[in-house]
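The following comprises the amino acid sequence and a computationally predicted model.
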Amino acid sequence: MKLKQGDKVVVISGKDKGKEGKIIKTLKADNKVIVEGVNIAHKHIKPNGGNNGEIIEIERPIHASNVMIIDPKSKKGTRIAHRVEKDGKKVRISSKSKEKLD
């Protein structure tokens, strides 16, 4: 998976198409990511002991293929490429503007 926690992404398909947000967590085994403010679900919490029951909103995972990283220059979705620096370090770059993403 080329996406990392903290990346700014845009949703490219599904019910939340066009929404932007930051990746909160990556689930590498399932190839999914959790993006803040995207794919919101309601969770019902039962009353328990002294706590009252409530309904909370949580972000659910979305497949990594349904998001694109935002290009720092054009502020639009782009693919991720890799480049090896002169010191031998591998870095992620934007395919559109060829700028570093890290």
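Yes, it's here.

In contact with the residue nearest to the spatial centre of the chain: list those residues for me.
Nearest to the centroid of the C-alpha atoms of the chain, with distances taken as Cα atoms, centre = their mean, sits residue 23, at 3.5 Å. Contact partners of residue 23, counting by Cβ atoms under 8 Å, 6 or more residues apart in numbering, are 3-7, 9, 33-35. Glycine gets a C-beta too; all of them are placed from N, C-alpha and C.

Closest one of those residues to residue 85?
Of all those, residue 4 has the smallest distance to residue 85: 17.7 Å, by Cβ to Cβ.

Residue 68 pairs with what?
For residue 68, the beta-bridge assignment (DSSP bridges) gives partners residue 10.

Can you tell me the SS state at residue 65?
Classification of residue 65 using DSSP: H, G, I helix; E, B strand; the rest coil returns helix.

picking up where we left off before, would you confirm that the residue nearest to the centre of the chain belongs to a helix?
No: with three-state DSSP as the criterion, residue 23 is strand rather than part of a helix.

In the sheet, which residues pair with it? Tell me.
Here residue 23 sits in beta bridges with residue 35, going by DSSP bridges.

do you know how far it is from residue 32?
As defined by Cβ to Cβ, to the nearest Å, residue 23 lies at a distance of 11 Å from residue 32.

Kindly report the same for residue 68.
15 Å.

Same check on residue 39?
Residue 39 sits at a distance of 10 Å from residue 32 (criterion: Cβ to Cβ).

overlap in contacts of these two?
61-62.

So which residues make contact with stretch 91-100?
With contacts defined as Cβ under 8 Å, 6+ apart, stretch 91-100 is touched by 2, 69, 71-74, 76, 78-85, 101-102.

Give me the buried entries from those residues.
Burial of the contacts of stretch 91-100 was assessed by neighbour count (16 or more other Cβ atoms under 10 Å); the buried members are 69, 71, 78, 101.
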